[in-house]
Each structure stands twice: as C-alpha cells, then as structure tokens.
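Novice: The following comprises the amino acid sequence and a computationally predicted model.
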Amino acid sequence: MSLTGADDNEPFISIVNDEAAAAVTIFDQIAKSTGRAVFLLSVAGTATSDIPGVSAAGQTPALRRLTPAADAELLLLGKVVSVKGVPRSPAGVIAPVVITRACAELLKWHVCVANCGTFLPPQTDVINVGTAPAKCVSTGAALDYAEVVRIFEKGIDVGKTIGKDFDFVVLAECVPAGTTTAFAVMTACGYEVDGLTSGSLPKIDHALRKLLVQDGLSRTKSNVLDHKNDPLLAVAAVGDPMQPFVAGVVIAASQKKPVILAGGSQMLAVHALARDIVRAKSGAQAHIKAVTVTTKWVLNDSAADVAKLSRLLTLPLASCHPDFSKSRHLGLRAYEDGHVKEGVGAGAAMALSSLFGHFSESQIMAKIDDTYDALVNGGK
C-alpha cells in the first residue's frame, strides 16, 4: 500500500509491512486528528560507537560521543551550545537533525528531549532519565541491570503522561552505534537477524557487528532463555540506555494514543523489546499499537534488509520516499548515495509533514534546504 504525496501521483509514503493493519489504522487516526503532536527525542551513548567501522554519527570516535548532545540542542534551540558545529559523518555529510528540525517547524510540534545516559549532557532543558552511557556490547555487561529496570519504569511513567494533551506521540532516537546495539539485543533475545539491520555507513560491516555481539554474549552471565523470560536482561548485557526507556514509553503511551516510532532498525528492535517485555510479564500474546516509520534510504539499503526484518519480527513498517537529488545542498544530496540514511526521526518527520501537514514534497524540501542554510551555513 502507498500514500500519495501532494505534488504528483508518486508515492511519498509506503506501507512496507502491516499484517494486522496497525499502520493503516494509526495513519487514519492521525490524518483525522487536530494535529497536536508531541515529539520526544531520546538520546543516549554507548562505547560501542568508539570502534572504527561501526557508526557514521560523528567524524571521529570522540565526536561521536558528543553527537547526542549536539542533536538535542540543534533540535530544541536551533544551535549547538556544548560543542562546535553541526554533527557530520566521517565523509562530512550533515546529520539528519536538520531534516527533523525543519519538519518540526512546519508542523509546530511540541518537542522535548530525554537524556537516557550520554557522555555529555545536552545544555538545554531535558527529561533526565539515565545517569551514564553504556559500555561496549563486547563486554557483555553494557549496563547495570537495576539501572535498566529503573530506566524502563521511568519510561512507563513518562508514557502515561506524555500524550495527555496531544493527539499522537512521535518517539525518535539519537544513539551513535545504536543499530549495533539493536542487532545485539534482538540477537540476545533469540531473533535471527544477522545481515538484516541497517546502519549509518554506506557499507555495513556485519562481520564486525557479529563478532562484537558474540564476544559480549559469551561474557554475559545470562542466556537466550533468560532473555526471553526477562528481555531487560538482554539490554543490560548488550544494549543501550535508550532502549528500555522508549520501550516503557511506547508500552504506556500506546494504550491511549497513536504512536509513531520514528526510525529504522533501532525502533523495530525497541518495538520488539516492548512487545516481548509485555509477553514475558503477562504470559500471553501482546500487541503494542505503534508503527515504525523510516526513510527510503534505510528501506533500500543494499547492505541490509529492514523490510525482511519487519516481517521476521511481525511488526508494522512504513517508509518515506523523498528525492534529495532536488536539494540545493551537496550535504543533503549525499543521502541519495547511502550516507547517514536516518536518525533523529527524520523519516517520520517528513512522512507526517506530508500525511498530516499536507505539505507537498517540494515544500518540505524547500524548508529542509532553508533550515540547512540556517543551521549549517549561518543563515546564508
């Protein structure tokens, strides 16, 4: 199924997998709403991002540790306070926060940030959730279990309140190396997802990911059966602080409002985690009413298969299909070559700008270009 953009007859939003019609239902609810949305960006860090060849969310390992703070500040303030410059990939491509900031301004969203545990806290008002970033997945002891439980319970609390004054909830993330921790947690929970998860680099080193995760799982004291009985043990072993928080938020928020999980592999992993937590606690089948929305660059990633991942997990997935070759900026046109691909909820932000905001693709692109000028080129 596809939804048509406002400019022409080409699909701007495609529904990739929707076995229980959850995506159609949620999109229909959003389209009929008054449009008051809350956009929650959850930021976190993991030492996994220090490993060369794992992440493009920053030009160097040191800068990757600072990307979550910079993205949070750019999204909320329109400028970076704690570090210098807009985050870039090792190839120099600008971070997707530019896209999300543009769409948030178009839609006049209420935007907030949760710091789930970062190397550098954002220098702006945030929801304080976690106290520290995760260790590398290869340690098998990425997070303290008691802290994971506390973060999850904080997510439940936030999820119960976040949607009270809004029609729908959009949950996004910024976690450098988060696709690796997503792969790690899904593997730890018994899902066969090798080679399916996408990433921010044009070429994904699946062998490196697998080696890191195998090292971690060989060192952890828990096993797959333990993780199925308590999925938060998998997060403690090889996850990151964003995962238990957003899992808690989506479990609670989806009981009252439509929820968009804004991202790709990472949000499919969080959706599966949330569902598995409910299953483990209730002993019954569980359906978390949410849909993951990503970009065409993730969907079409030749080094991954996120559509197959969504089918394997039996979770709904939709994608947004902008044409960045029409951008006037080289740093945005590079997305068409497989750089960066997704982050900070960029795909969902563009999709909702079209679906609810009824902005045409050309209007969305123009706003993104203008925002690029403001954030990257100093308004030029």
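Specialist: Sure thing, it's come through.
Novice: Could I get the full set of strands for this structure?
Specialist: If DSSP state E is used as the criterion, the strands of the chain fall at 2-4, 11-17, 37-44, 110-117, 127-128, 168-174, 259-262, 290-295, 317-320.
Novice: By mean pLDDT, point me to the weakest helix or strand of the chain.
Specialist: Within the chain, confidence by mean pLDDT, DSSP states H and E is lowest for strand 2-4 among all helices and strands, at a mean of 48.
Novice: What is the burial count for residue 289?
Specialist: Applying other Cβ atoms under 10 Å, we find 18 other residues in the vicinity of residue 289. Placement of C-beta: from N, CA and C, glycine included.
Novice: can you list the strands of the chain in TSV and add mean neighbour count and distance to residue 283?
Specialist: What follows is the strands of the chain, written out as TSV (neighbours: other Cβ atoms under 10 Å; distance: least, Cβ to Cβ, whole Å):
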stretch	mean neighbour count	distance to residue 283
strand 2-4	14	37
strand 11-17	20	26
strand 37-44	27	28
strand 110-117	23	28
strand 127-128	14	32
strand 168-174	28	26
strand 259-262	29	24
strand 290-295	30	22
strand 317-320	28	27
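Novice: in terms of contact, does residue 313 touch residue 191 like I think?
Specialist: Yes. Between residue 313 and residue 191 a contact is recorded at 6.9 Å, counting by Cβ atoms under 8 Å.
Novice: Mind checking which of these two has more residues around it?
Specialist: A count of neighbours by other Cβ under 10 Å puts residue 313 above the other of residue 313 and residue 191, at 21 against 18.
Novice: show me what contacts the more buried one?
Specialist: 186, 191, 268, 271-272 (Cβ atoms under 8 Å, 6 or more residues apart in numbering).
Novice: Test my guess that residue 318 contacts residue 22.
Specialist: No. Taking Cβ under 8 Å as the definition, residue 318 is not a contact partner of residue 22, at 10.2 Å.
Novice: one step back: the strands of the chain: which one's closest to residue 206?
Specialist: Distances from residue 206 to each of those were compared by Cβ to Cβ, and the smallest falls on strand 290-295, at 18.7 Å.
Novice: Stretch 78-95: how far from the chain's middle?
Specialist: Counting by Cα atoms, centre = their mean, to the nearest Å, stretch 78-95 is centred 18 Å from the centre of its parent chain.
Novice: And stretch 64-82, what's buried?
Specialist: 64-76, 80 (16 or more other Cβ atoms under 10 Å).
Novice: Check what pLDDT residue 1 gets.
Specialist: Among the per-residue scores, residue 1 shows a pLDDT of 40.
Novice: And residue 202, by the same measure?
Specialist: Looking at residue 202, its pLDDT stands at 86.
Novice: Could you find the closest non-adjacent residue to it?
Specialist: Spatially, and ignoring its direct neighbours in sequence, residue 202 is nearest to residue 338 (4.0 Å; Cβ to Cβ, 6 or more residues apart in numbering).
Novice: pLDDT weak spots in the stretch 1-150 of the chain?
Specialist: When residues are selected by pLDDT under 70, those of the stretch 1-150 of the chain lie in 1-10.
Novice: which residues in it form helices?
Specialist: Taking DSSP state H, counting those that start in this stretch as the criterion, the stretch 1-150 of the chain carries its helices at 22-31, 61-64, 67-77, 97-107, 145-162.
Novice: Please identify which pair of the buried residues of stretch 64-82 lies farthest apart.
Specialist: Pairwise distances across the buried residues of stretch 64-82 (Cβ to Cβ) peak at 20.3 Å, for the pair 64 and 76.
Novice: circling back to that earlier point, with distance to residue 205 added, can I get the helices of the stretch 1-150 of the chain in TSV?
Specialist: Listed next are the helices of the stretch 1-150 of the chain as TSV, based on distance: least, Cβ to Cβ, whole Å:
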stretch	distance to residue 205
helix 22-31	31
helix 61-64	15
helix 67-77	19
helix 97-107	25
helix 145-162	27
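Novice: returning to what we had before: so what sits against both of residue 313 and residue 191?
Specialist: The overlap between the contact sets of residue 313 and residue 191 (Cβ under 8 Å, 6+ apart) consists of residue 272.
Novice: coming back round to it: to residue 37, which of the helices of the stretch 1-150 of the chain lies closest?
Specialist: helix 97-107 (6.7 Å).
Novice: before we move on, the earlier item: identify the contacts common to residue 318 and residue 22.
Specialist: Common neighbours of residue 318 and residue 22, using Cβ under 8 Å, 6+ apart, are residue 291.
Novice: Tell me where the stretch 151-300 of the chain is predicted with low confidence.
Specialist: 284.
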